[in-house]
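Undergrad: what's the 3D shape of this:
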Amino acid sequence: DWTGNLLDGLRITLLVTVLGTILMIAISVVLGLMARSHRIAVRGVARVVIEFFRGTSLPIQLFFLFFGLPLLGIRFEPLACGVIAFGLNYGAYGSEVVRGSINAVPKPQWEAATALNLSAWQRMTRVIWPQAIPLMIPAMNNLFIQLLKSTPLLYAISLADIMTKAEDFRKAGGDATLMYLALMVIYFAMAYAVTLLANTAEVIAKTRLGPHAG
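TA: Predicted structure coming up:
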């Protein structure tokens, strides 16, 4: 039953996408804040990590985790390799979105928060961060979709995602045209769902800021 096999593969694809996205968001926030640190050493570490993962290709990072690390005595399951590689790669790009969005908050907002004698944590969480989130969401949405569309790379590390199941069906003599058309429809539906969720999140974030937001 090829539909059942596709559903099995779809579960893996969604699992990697969700976990990879969670890791990506966490890394984006951490590296984005580090890149704005007043401490040169912290900024330096952030820049090195960001540029390394932006400057090397995702397939190479994925293959290194899956094929290279075991030679050093470190072994991850295919699922973990996919999640870590996607999270690190897209997290590096996301960190620039976070940093840029925070910097885009108007200077008077920073000055007002300082004038109110708020601590650095209070300034960020109560004033700056709520205004930066709506600015982040559109660019982050693009990264979410790119991460989703990268999941066929999991086929190369023997993870039975939806692409692997489709290839198994084709190799068994199945209708390749029908299979690849089904894959395109499925990926489109997932990407559109991600966009709808991101748009909803953006509306909610702007609503919390009041009628003059965005």
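
Undergrad: C-alpha only now, for contacts and for neighbours.
TA: OK.

Undergrad: which residues touch Ser95?
TA: 27-33, 50 (CA atoms under 8 Å, 6 or more residues apart in numbering).

Undergrad: do a quick rundown of the helices in the protein.
TA: Using DSSP state H, the helices found in the chain span residues 2-34, 40-55, 58-63, 78-104, 107-115, 120-122, 129-149, 162-171, 176-209.

Undergrad: now the ones you listed as TSV including mean pLDDT and distance to Ala156?
TA: TSV is the format used below for the helices of the chain (pLDDT from 0 to 100; distance: least, CA to CA, whole Å):
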stretch	mean pLDDT	distance to Ala156
helix 2-34	91	14
helix 40-55	96	20
helix 58-63	95	8
helix 78-104	96	10
helix 107-115	85	47
helix 120-122	83	43
helix 129-149	94	14
helix 162-171	83	9
helix 176-209	90	17
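
Undergrad: return the most buried member of these.
TA: Stretch with highest mean neighbour count among the helices of the chain: helix 78-104 (a mean of 23; mean count of other CA atoms under 10 Å).

Undergrad: give me the angle between it and helix 129-149.
TA: 140 degrees (axes from the mean of the first three to the mean of the last three CA atoms, to 10 degrees).

Undergrad: ok, Phe53 touching Leu88?
TA: Yes. Using CA atoms under 8 Å, Phe53 is in contact with Leu88, at 6.8 Å.

Undergrad: of the contacts of Ser95, closest to Leu15?
TA: Proximity of the contacts of Ser95 to Leu15 was ranked by CA to CA; the top entry is Ile27 with 18.2 Å.

Undergrad: from memory that closest one sits against Gly87, does it?
TA: Yes. Counting by CA under 8 Å, Ile27 touches Gly87, with 7.3 Å between them.
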